[in-house]
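1. Predicted model follows, preceded by the sequence.
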Amino acid sequence: MTIHAAGAIFIARNTKRILLNFRSSDVSKPNCWGFWGGKINQDETIIQGLEREIKEEIGFLPNHERTTIIDEFHSPDGQFKYFSFAIIVSDEFLPLINDESQGYAWVGFNSYPKPLHPGAKAIIENDSVTKCLLKLLDSETGSNFPTAADIKSTD
């Protein structure tokens, strides 16, 4: 059975900064900066699982304009799939973190704290991803990325 997981960064339209999570020492890949999210339950769609994980990790699901998939990773053995999203919010907000996080930071593009989670680093330090995300902030139609509605289920 394939394990599915999903994570997201939040991007504030007003500041063009992203919200990253500093992972606690009690999780896999601890003590590094990464996305908000986790494992998807078998009875959930990718989006349902992502929203549940966000509520657990930051205390609520912020009002948002758009959820856009920015990457889909498949392990070479086919046993793990990770879906990365950008969630556009109008303004920065303060998360109410749980024990899976040691902290958080709103940061500018290309001003990332260290160490970054290897998966997060591969995505957010990719120039083409950054360019598309900045276009997305300028225009709802300015991105090459599909919306979350394009991700139907965990099959």
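-> Yes, it's here.
2. Using just helix, strand and coil, how would you label the residue nearest to Glu56 when sequence neighbours are not counted?
-> Distances taken as Cβ to Cβ, 6 or more residues apart in numbering put Asn98 closest to Glu56, at 6.2 Å, once the chain neighbours are dropped. C-beta here means a position set from N, CA and C on the backbone, and glycine is covered the same way. Per DSSP: H, G, I helix; E, B strand; the rest coil, the secondary structure class of Asn98 is coil.
3. Can you name the residues that contact Asn98?
-> Residues near Asn98 by Cβ atoms under 8 Å, 6 or more residues apart in numbering: 56-57, 59.
4. From these, list just the buried residues.
-> Among the contacts of Asn98, those classed as buried by 16 or more other Cβ atoms under 10 Å are Glu57.
5. Could you export the contacts of Asn98 as TSV, including pLDDT?
-> Below are the contacts of Asn98 laid out as TSV (pLDDT from 0 to 100):
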residue	pLDDT
Glu56	96
Glu57	96
Gly59	96
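6. show me where pLDDT drops low in this protein?
-> Along the chain, the parts satisfying pLDDT under 70 run over 139-155.
7. Now do the helices in it.
-> 46-58, 118-124, 127-138 (DSSP state H).
8. Figure out which of the ones you listed is closest to Thr68.
-> Thr68 lies closest to helix 127-138 among the helices of the chain, at 6.3 Å (Cβ to Cβ).
9. quick one: buried residues of the closest one?
-> Of all the residues in helix 127-138, those buried under the rule 16+ other Cβ under 10 Å are 129, 132-133, 136-137.
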